[in-house]
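1. sequence plus the predicted model coming up.
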Amino acid sequence: MARAQRVIPGGVSSPVRAFGAVGGTPLVYRRGEGVSMEDVDGRTYIDFVCSWGPLILGHAHPEVRAAIHAAVDRGTSFGAPGEAEIELAELIVGWYPGLEQVRFTSSGTEATMSAIRVARGATGRDAIIKFAGCYHGHADHLLVAAGSGLITFGHPSSAGVPEAFARETIVLPLDDIDAMTSMLRKEGHRIAAVIIEPVPANNGLLLQRMEFLRALRAETERAGTILIFDEVISGFRLARGGAAEHYGITPDMVTFGKVIGGGLPVGAFGGRRDIMRHLAPLGAVYQAGTLSGNAVAMAAGIATLQILEREDAWRELEARGAALETALTPVLANAPFPAQLVRLGSLFWISLQGGEPPRAASAVAAEAADRYRPVFHAMLRRGVALAPSAYEVGFLSLAHTQQHVERLRDALAESLHESPTTA
Ligand SMILES: *Cc1c(COP(=O)(O)O)cnc(C)c1O
């Protein structure tokens with residue numbers, strides 16, 4: 001890490017990796033296989049982060065590796081239409097409810113940024129709504145979070161984002177039907193899009209009530225505002241048709257990333273044909289990418305999605321998630337502080353607070369982060385890698401078995417009782 005910090009800011013290529021939220025020095029890894037990651041000192045860890053979601057089959061899955069190798073042998077990128085991107089687009093369009101066209105990008109950030117540009121171009125409106133606690137990548141107008149208060153007009157949550165950009169982003173609280181309804185009824189005529197993680201998983205796991213998502217669908221339709229589901233995490237993880245299938249609610253546009261790249265850099269955004277026709281070369285909304293749809297990333301994505309379908313992965317992941325919940329619930333009930341498991345399918349969140357599971361960012365208790373720090377380090381000493389932040393969720397893959405769930409349970413049972421001073 002000392003070497004890394006000399007040449008890379010903070011020593012990391014993405015900030016949460018720096019352990020800022022938990023303290024201590026990040027580990028540097030050199031290998032991953034199945035559920036296991038090995039650091040440069042030769043210690044191994046059971047990985048419950050899975051590269052933050054993409055590794056739904058575990059590290060270095062043999063068939064994904066073979067697909068990548070075969071693609072590399074045929075040439076990595078053409079800068080022209082390729083067979084593989086058509087195949088992956090057909091899979092995605094075929095599986096996701098109401099989706100007619102997609103375009104590939106190289107990250108989730110580009111996907112959400114581009115989806116919003118299309119929504120603005122298609123509606124001729126400038127403002128957008130996002131929800132506090134939802135993360136949509138790091139594009140300027142999306143790096144805006146709520147302050148306190150019911151409704152906040154956007155203030156940037158990063159330096160370097162002009163106030164003028166953030167002003168076009170209205171931030172609302174999750175789980176608040178009245179705030180959302182009154183904003184859309186009053187201001188809908190100038191709101192191009194509402195973007196939401198239908199399964200908010202970047203501020204803990206803030207599971208939404210079906211009524212809230214249904215009301216959001218109805219009110220956006222009424223306002224002529226485009227509803228964008230950001231399924232960068234939930235897409236192809238929660239169900240074949242993502243959260244849209246899980247909740248039975250069809251958005252106008254959708255963004256993907258993570259799982260669809262099988263561990264390589266891929267994002268995608270799409271929607272109905274009447275919306276996507278605004279995108280260049282058909283329409284006036286510009287968007288492009290030198291390596292977008294490149295053959296290697298597409299091959300990894302295709303292999304991953306095919307394996308998910310063949311293995312009936314969504315049922316299997318739900319079964320493993322249920323087993324994890326059964327294993328961890330009594331352990332958390334025995335913690336020296338309030339603690340609970342929040343879970344949907346293969347996404348789980350160890351929430352170190354009491355009461356109802358939080359459904360909005362403002363309901364996440366600050367003490368939870370203090371409690372999490374020593375637990376995180378105690379787990380790592382026992383060879384179990386959780387996310388280095390109380391606000392990040394855990395991910396299960398098809399490589400995790402009952403034995404790994406039991407290792408997690410046993411390590412957690414000890415770690416919860418270690419006092420912070422021994423951390
Ligand atoms: C990870 C994530 C993004 C951003 O994707 P990157 O590939 O990291 O740019 C966008 N939206 C959600 C919901 C995410 O979890």
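-> Yes, it's here.

2. what residue in the chain comes nearest to the ligand?
-> Distances between the chain and the ligand by Cβ to the nearest ligand atom are smallest at G108, namely 2.2 Å. Placement of C-beta: from N, CA and C, glycine included.

3. now H59. Nearest residue, chain neighbours left out?
-> In space, not counting the residues next to it along the chain, H59 is nearest to G32; the distance is 3.1 Å by Cβ to Cβ, 6 or more residues apart in numbering.

4. confidence score at the one you found?
-> With respect to pLDDT, G32 scores 98.

5. likewise R209?
-> For R209, the model assigns a pLDDT of 98.

6. now it, nearest residue through space, not along the chain?
-> Nearest-residue entry for R209: D175, 6.5 Å, with adjacent residues in sequence omitted and distances by Cβ to Cβ, 6+ apart.

7. for burial, what's the neighbour tally of that neighbour?
-> Neighbourhood size, D175 [other Cβ atoms under 10 Å]: 23.

8. you'd agree it is up against Q208?
-> Yes. With contact defined as Cβ atoms under 8 Å, D175 counts as touching Q208 (6.2 Å).

9. now do the shared contacts for those two.
-> Residues touching both D175 and Q208 by Cβ atoms under 8 Å, 6 or more residues apart in numbering: R359.

10. who's G394 bridged to?
-> When assigned by DSSP bridges, G394 has beta-bridge partners F348.

11. which ones are touching it?
-> F48, V49, L347, F348, W349, I350, L386, A387.

12. how close does the fifth one get to H69?
-> Distance of W349 to H69, given as Cβ to Cβ, to the nearest Å: 36 Å.

13. more neighbours: those two, which one.
-> Neighbours were counted for W349 and for H69 using other Cβ under 10 Å; W349 has more, 24 against 11.

14. check contacts around that one.
-> A201, G204, L205, L341, V342, R343, V393, G394.

15. leaving out chain neighbours, which residue sits closest to it?
-> L205 (3.8 Å).

16. isn't the one you found right next to S346, touching?
-> No. The criterion here is Cβ under 8 Å, and L205 misses it with S346 at 11.4 Å.

17. can you pull the buried residues of the longest helix along the chain?
-> Longest helix in the chain, counting residues (DSSP state H): helix 313-333. Within helix 313-333, the residues scored as buried using 16 or more other Cβ atoms under 10 Å are A313, W314, L317, E318, R320, G321, A323, L324, A327, L328, V331, L332.

18. against V375, how distant is the second one?
-> Taking Cβ to Cβ as the measure, W314 falls 30 Å from V375.

19. likewise for the third one?
-> For L317, the distance to V375 under the criterion Cβ to Cβ works out to 25 Å.

20. just the first one next, same as before
-> Using Cβ to Cβ, one obtains 29 Å as the distance from A313 to V375.

21. name the SS class of the residue nearest to H59, please.
-> strand (DSSP: H, G, I helix; E, B strand; the rest coil).

22. near the ligand, which residues of the stretch 1-150 of the chain?
-> Taking Cβ under 6 Å from any ligand atom as the measure of proximity, the stretch 1-150 of the chain contacts the ligand at S107, G108, T109, T112, Y135, H136, G137.

23. how many residues are close by the closest residue to the fifth one other than its chain neighbours?
-> Closest residue to Y135 apart from its sequence neighbours, by Cβ to Cβ, 6+ apart: N202 at 3.5 Å. Burial measure for N202: 20 neighbouring residues, criterion other Cβ under 10 Å.

24. many thanks, we can stop here.
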